[in-house]
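Trainee: All I have is the shape, not the residue letters:
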């Protein structure tokens, strides 16, 4: 009530108060990562937690793609009944030749179930590894940091009775939103793979609604083996959706310069673009190469961590186009190369992508439209030429196209001329760069950096042993109750009863009156 | 993709990038406040914006309660067709004598409509004041900061074609949530005045659903004169709900240590507790008085800014109780006092409430349950003895009781014994203090202070001329479309058609077959 002076120390006091509450520093974090690109961004938070003085143990399967035991953090390696080769699968160059069809979707779901089944087996061999489990239990971890794309982290958190913090972009069939009771009205929240935006015509909304149903159905195909794992190791919980709903904080790689705005829940923390902060100077030879491009600048070209080759005839279109432009090109590519590789093209097995995109001379980013790459493009304000291949890429590309900051070409029938046209448009029509810079400015304009926000909330959960004050009451309701269908049924029963009784009363009265009338007439 | 070193300067770069985009400093903010306690917390943000170098102009009606022209910020006084006495109304001590009944609710709605009608008239005289309006328009404001409890700020923002930032706890009949398309499932989001929590039995959910309907109905009573104002001054918009839906950012005095968790929208920024940061040292005589309480500590007693008296016989119960406790009491009270005022009681016309509650010796806060006071109690970890009187106070008190950090007594039949019992419980049963400290620790544990967050998002809107990337697509849908009822109707029509055609086909076939059979039998 007083209008007195400001005490700038209040924030400090608050911080001190919290420091005294629990393990801000010296917390113990058990990390159950998901392999591949999932791990690349989670690792940023893991390193930040270590930098802040927390003890981090990363559980690493003995066969893994990118989770390496040689990093600076402590790891516990556990045996799994599969090899690295089983994980790698065989990348099929067919993805460059014909667009995915409905049959491919079914094949992809089957492949996904095969992959996650393998991972579930890996999880079982961890959970059955008594010595390791005992060792982990004895360490008294404060929380599990995991990606709920796979169930093992949530199972561990429940078995050790410690809270879980999730780090994710999303999980198949929107189980994350369902489990966290986050409303997703199908009238304006586009369903993944629907090709819709957040502004739909009637027919698009019909399609979205149908896809919403299909999506819910795919949940019943994708998660039974997760449910089985959960119910075998945790007696009182029978579905993965229920288990995953207990996550204390959901760190979502989400940002509304990329995603369409939608409802959120109090325990959802948006950390989209967390992967952009990790930036290093370019190696000297690369710096020389890109600087040598002069005012024309250079193009960064990568189809992501999974796809590093393409059919030779497809590659030829790209090389022919690059031959005709003054820009230099850096291409992540491991396929065979012709002898007459253009002088302005440099091919590498692995690109420091974000560092290159951050360079002032970067003009265009040719990408498949993975979410990590898109954030790096937005972060650094580089217009994109996009070639969606599979998975969420089509949806991701739609989002960026909708902002007017990119062009899309079909990889299946791309020509040298199309490529030249698109590149020229992106480089010389200033609107694309301007739009991208606008997105970038909005994306980077935030009160707290994503990595600090992620670390803050992870520490918050350690300090307060969860975040139960952010858990909505909806978790105690079933589907019927949540939608007030029981209440509506109750009103319907009352209404029907009242109507029925009124009708019966009227019938009775009419019968009485008419009966009397008839009797009277008869007697007359 | 590289695992290189961290660049701690990224945040700085981002900030610089944004500084170059627009008016981070030197923005021009037009403030259209709402009088009374609404203004007390908005003023905190206004002062912070000035501290950050923005030019702030506050529109002040010539008759106002708390918005004073003597503050350090620039004001524009405008004529209004009412006096200060019209605003003050007459506080009726009856609120201490009997609980509000349904008839009172209707009376209160009428009083509210009378009050807002007066304010609408004040707004009209501002909008019709051509010289002032021209002067304001010429100043080229970057945004309007307003509380949408009253419509004038939103109207000004629309007329000047500049974005609006809202500062509010909520507006009657949840028009804020409706306008911002924020889902509020009545199955677990308790409706105001329902007395429900976020965990309801079936009958409570039935009540909540009914209250949800009643609440929607009250909207049709509360806002027609706002709609009228809007349609008269802004041709293309016909309802206040539509106008208010254009708010760029909603700064909500909301925090989930106080409120129950519920869905949110991307443009909602939670700044609950913003009023706690404003803290000053106590005046020397007050500091002496509270320090003189020794280990017993002291009690802060205030029934809010509106209610400063109570019937003498009611006050006697309090004084008799205070006489019997070792604690000292600071009481905001302007009523008549007995000659034998207890020595441990000090009566004041206005308390530096937050500064007192922040004192280490503060033991209990006796309050009516206004949201400002509750945040000050939570912020400073002081257990509360609550006497809800009217308005949102019953709901507010329910929220704190639900946390186990307070006790509630009925003001209508309170006795000295009850008071003594409750105070003793709150002071000597350590669970209340522990629970309050827990809430306080969670409340204060946040990545950004509320005042900084509020200032950040206000500046964000100035820098980017709005926050359209946070506006959901739902705004383009009507109620029928939003709930997918058109899509469902379409499916229903298809289903009915298919069923009808199937039945007709079957009938036709049966008739054919049976017809043939009958004909055959006949010919036989």
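Mentor: On my side now, so go ahead. From a predicted model like this one, the values you see are computed outputs, not experimental measurements.

Trainee: can you give me the strands for the stretch 201-350 of chain A?
Mentor: Assigned by DSSP state E, counting those that start in this stretch, the strands in the stretch 201-350 of chain A fall at A:249-252, A:268-270, A:298-302, A:328-332, A:345-348.

Trainee: same deal with chain A?
Mentor: In chain A, the segments counted as strands under DSSP state E are A:28-32, A:55-61, A:74-78, A:143-146, A:164-168, A:249-252, A:268-270, A:298-302, A:328-332, A:345-348, A:362-367, A:384-386, A:406-408.

Trainee: Chain A - how does it break down into domains?
Mentor: A:19-276+A:449-476, A:284-444, A:481-511 (automatic domain parsing).

Trainee: With distance to chain B, mean neighbour count and mean pLDDT as extra columns, can I get those in a markdown table?
Mentor: Quick note: C-beta positions are derived from backbone N, CA and C, even for glycine. Converted to a markdown table, the domains of chain A look like this (distance: least, C-beta to the nearest C-beta, whole Å; neighbours: other C-beta atoms under 10 Å in any protein chain shown; pLDDT from 0 to 100):
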| stretch | distance to chain B | mean neighbour count | mean pLDDT |
| --- | --- | --- | --- |
| domain A:19-276+A:449-476 | 3 | 19 | 91 |
| domain A:284-444 | 4 | 19 | 93 |
| domain A:481-511 | 5 | 12 | 95 |
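
Trainee: ok, and the closest non-adjacent residue to residue A:320?
Mentor: Nearest non-adjacent residue to residue A:320, counting by C-beta to C-beta, 6 or more residues apart in numbering or on different chains: residue A:416, 4.3 Å away.

Trainee: swap in residue A:207?
Mentor: residue A:194 (6.0 Å).

Trainee: for that neighbour, phi and psi?
Mentor: phi -80, psi -20 (degrees, to the nearest 10).

Trainee: from memory it sits against residue A:211, does it?
Mentor: Yes: between residue A:194 and residue A:211 there is a contact at 4.3 Å, judged by C-beta atoms under 8 Å.

Trainee: ok so, going back, which stretch among the strands of the stretch 201-350 of chain A comes nearest residue B:43?
Mentor: strand A:268-270 (30.2 Å; C-beta to C-beta).

Trainee: which residues sit against that closest one?
Mentor: If you take C-beta atoms under 8 Å, 6 or more residues apart in numbering or on different chains as the criterion, strand A:268-270 is touched by A:180, A:182, A:249-252, A:254-256, A:264, A:450, A:453-454, A:457.

Trainee: could you say what helices and strands the helix ranked longest in chain A packs with?
Mentor: Ranked by residue count under DSSP state H, the longest helix found in chain A is helix A:485-523. The contact analysis (3 or more C-beta pairs under 8 Å, 6 or more residues apart in numbering or on different chains; DSSP states H and E) places helix A:485-523 against helix B:202-222.

Trainee: what's the angle between the helix it packs on and helix A:485-523?
Mentor: 80 degrees (axes from the mean of the first three to the mean of the last three C-alpha atoms, to 10 degrees).

Trainee: How far does helix B:202-222 sit from its chain's centre?
Mentor: Distance of helix B:202-222 from its chain centroid, counting by C-alpha atoms, centre = their mean, to the nearest Å, is 19 Å.

Trainee: can you give me phi and psi for the spatially most central residue of chain A?
Mentor: For chain A, the residue nearest the mean C-alpha position is residue A:169 (1.6 Å; C-alpha atoms, centre = their mean). Reported as degrees, to the nearest 10, the phi and psi values for residue A:169 are phi -100, psi -30.

Trainee: got the residue ranges for the helices in the stretch 201-350 of chain A?
Mentor: A:202-222, A:224-233, A:240-244, A:284-291, A:312-323 (DSSP state H, counting those that start in this stretch).

Trainee: Tell me which other helices or strands the first one touches.
Mentor: It refers to helix A:202-222. helix A:102-127, helix A:175-179, helix B:485-523.

Trainee: can you redo those as TSV with distance to residue B:375?
Mentor: Formatted as TSV, those follow (distance: least, C-beta to C-beta, whole Å):
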stretch	distance to residue B:375
helix A:102-127	45
helix A:175-179	31
helix B:485-523	40
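
Trainee: Give me the phi and psi angles of the residue nearest to residue A:147 when sequence neighbours are not counted.
Mentor: Closest residue to residue A:147 apart from its sequence neighbours, by C-beta to C-beta, 6+ apart: residue A:34 at 4.2 Å. Main-chain dihedrals, residue A:34, degrees, to the nearest 10: phi -110, psi 140.

Trainee: to the chain's geometric centre, what's the distance from stretch A:54-70?
Mentor: The mean C-alpha position of stretch A:54-70 is separated from the chain mean by 21 Å, C-alpha atoms, centre = their mean.

Trainee: cool, stretch A:46-63 as well?
Mentor: Distance, centroid of stretch A:46-63 to centroid of chain: 21 Å (C-alpha atoms, centre = their mean).

Trainee: before we move on, what about stretch A:250-266?
Mentor: Relative to the chain's own centre, stretch A:250-266 is displaced by 10 Å; criterion: C-alpha atoms, centre = their mean.

Trainee: Show the end-to-end separation of that stretch, please.
Mentor: End-to-end distance of stretch A:250-266: 9 Å, with C-alpha to C-alpha, to the nearest Å as the criterion.

Trainee: Could you give the bridge partners of the closest residue in space to residue A:73 that isn't next to it in sequence?
Mentor: What sits nearest to residue A:73 in space, not counting adjacent residues and going by C-beta to C-beta, 6+ apart, is residue A:56, at 5.0 Å. For residue A:56, the beta-bridge partners are residue A:29 (DSSP bridges).

Trainee: Next, the contact list for residue A:56, please.
Mentor: A:29, A:31, A:46, A:49, A:50, A:73, A:74.

Trainee: hang on, the residue nearest to residue A:320 packs against residue A:317?
Mentor: Yes: assessed by C-beta under 8 Å, residue A:416 is found in contact with residue A:317 at 5.0 Å.

Trainee: which residues does residue A:219 contact?
Mentor: Per C-beta under 8 Å, 6+ apart, neighbours of residue A:219: A:172, A:173, A:175, A:178, A:241.

Trainee: roughly how far apart are it and residue B:357?
Mentor: To residue B:357, residue A:219 is 49 Å away according to C-beta to C-beta, to the nearest Å.

Trainee: got it, and residue A:463?
Mentor: Going from residue A:463 to residue B:357 by C-beta to C-beta gives 23 Å.

Trainee: Also residue A:227?
Mentor: Taking C-beta to C-beta, one finds residue A:227 at 50 Å from residue B:357.

Trainee: Mind listing the residues bridging to residue A:299?
Mentor: residue A:329, residue A:364.

Trainee: OK, contacts around residue A:105?
Mentor: residue A:193.

Trainee: one step back: mind checking which of the strands of the stretch 201-350 of chain A is nearest residue A:488?
Mentor: Among the strands of the stretch 201-350 of chain A, strand A:268-270 sits nearest to residue A:488 (C-beta to C-beta), with 28.8 Å.

Trainee: Quickly run through the sheet partners of that closest one, with directions.
Mentor: By DSSP bridges, strand A:268-270 pairs with strand A:249-252 (parallel).

Trainee: Pull the residues that contact the strand it pairs with.
Mentor: The contact list for strand A:249-252 (C-beta under 8 Å, 6+ apart) reads A:45, A:165-170, A:176, A:180, A:265, A:267-272, A:454, A:457-458, A:460-461, A:467, A:470.

Trainee: Recalculate using a threshold of 7 Å.
Mentor: Contacts to strand A:249-252, defined as C-beta atoms under 7 Å, 6 or more residues apart in numbering or on different chains, come from residues A:165-169, A:176, A:180, A:267-271, A:454, A:457, A:461, A:467.

Trainee: Could you do stretch A:41-53 as well?
Mentor: So stretch A:41-53 is in contact with A:25-26, A:29, A:31, A:33, A:56, A:58, A:73, A:147, A:167, A:253, A:274-275, A:278, A:372, A:451, A:454-455, A:458, going by C-beta under 7 Å, 6+ apart.

Trainee: same check, this time on stretch A:130-143
Mentor: Contacts of stretch A:130-143 (C-beta under 7 Å, 6+ apart): A:23, A:27-30, A:76, A:78, A:126-127, A:160, A:162-165, A:461-462.
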